[in-house]
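Asker: compute the structure for the input listed below.
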Amino acid sequence: MANFSIQYSAHCTPIEELEATDSSNKARLVHSSIDKSVGGSGEFSCATTATNIKYKEAPTTANAVALNHASLIGTFAGCDFLMIKIKSAASTGTPDVDVKLSNASISYLSGVGDVILLRPKGSNLSAITVQSTSGTTLANIEVLAGKDA
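Answerer: Here you go, the predicted model:
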């Protein structure tokens, strides 16, 4: 019997940039008023069912598309873990993704590599949508969803 899980981590460092008097050099360092990075990691258990983890690569559109749509994750009741990442641009501008929960924006991703990690305890993916702000900012996204037993 196999056990399935998702290992995840997040790390953020607030940065301060200082410019030399002659403006020829700049130094980037940890923000002097905060003086620390914030990070964490964990492992999300998806029990012994392989279908408790879903992955999809897909392009966004300029219209909202629910994550339970067949072009994205599809039917997946009770989502407990969700990661969305901009993998690449799907059009000419800087790719972006507006992530909404029940029509309220909860995260705005901009640029290749931008990512959001959510723990939406038992959420229905029909309530979570993604869309780009225009036809020139379309993004190719990766979506990873998981649920516990």
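
Asker: okay, now the unreliable bits of this protein?
Answerer: Within the chain, the segments meeting pLDDT under 70 span 149.

Asker: and for it, the residue most distant from the center?
Answerer: For the chain, the C-alpha farthest from the mean C-alpha position belongs to residue 22; by C-alpha atoms, centre = their mean, that distance is 39.6 Å.

Asker: does that residue count as helix, strand or coil?
Answerer: coil (DSSP: H, G, I helix; E, B strand; the rest coil).

Asker: for the one 10 residues further on, same thing?
Answerer: Secondary structure state of residue 32, per three-state DSSP, is coil.

Asker: how close does it get to residue 18?
Answerer: Look at residue 32 and residue 18: by C-beta to C-beta, to the nearest Å, they are 9 Å apart. Every C-beta, even on glycine, is put in place using the N, C-alpha and C of the backbone.

Asker: before we move on, what about residue 61?
Answerer: Between residue 61 and residue 18 the computed distance is 42 Å (C-beta to C-beta).

Asker: of those two, which one has the most company?
Answerer: Between residue 61 and residue 18, counted using other C-beta atoms under 10 Å, residue 61 has the larger neighbour count: 15 against 10.

Asker: in contact with the more buried one, which residues?
Answerer: With contacts taken as C-beta atoms under 8 Å, 6 or more residues apart in numbering, residue 61 has the following neighbours: 131, 132, 138.

Asker: among the residues you listed, which ones are in strands?
Answerer: Secondary structure assignment (DSSP state E) places residue 131 from the contacts of residue 61 within strands.

Asker: got a winner among the contacts of residue 61 for most neighbours?
Answerer: Of the contacts of residue 61, residue 132 is surrounded by the most neighbours, 24 neighbours in total, counting by other C-beta under 10 Å.

Asker: please tell me how far it sits from residue 15.
Answerer: Distance, residue 132 to residue 15, by C-beta to C-beta: 27 Å.

Asker: neighbours around the nearest residue to residue 75 once chain neighbours are set aside, how many?
Answerer: For residue 75, the nearest residue in space outside its immediate sequence neighbours is residue 68; the separation is 6.2 Å by C-beta to C-beta, 6 or more residues apart in numbering. In terms of burial, residue 68 registers 19 neighbours under the definition other C-beta under 10 Å.

Asker: just checking, residue 68 is part of a helix?
Answerer: No: looking at residue 68 with three-state DSSP, it is coil, so not inside a helix.
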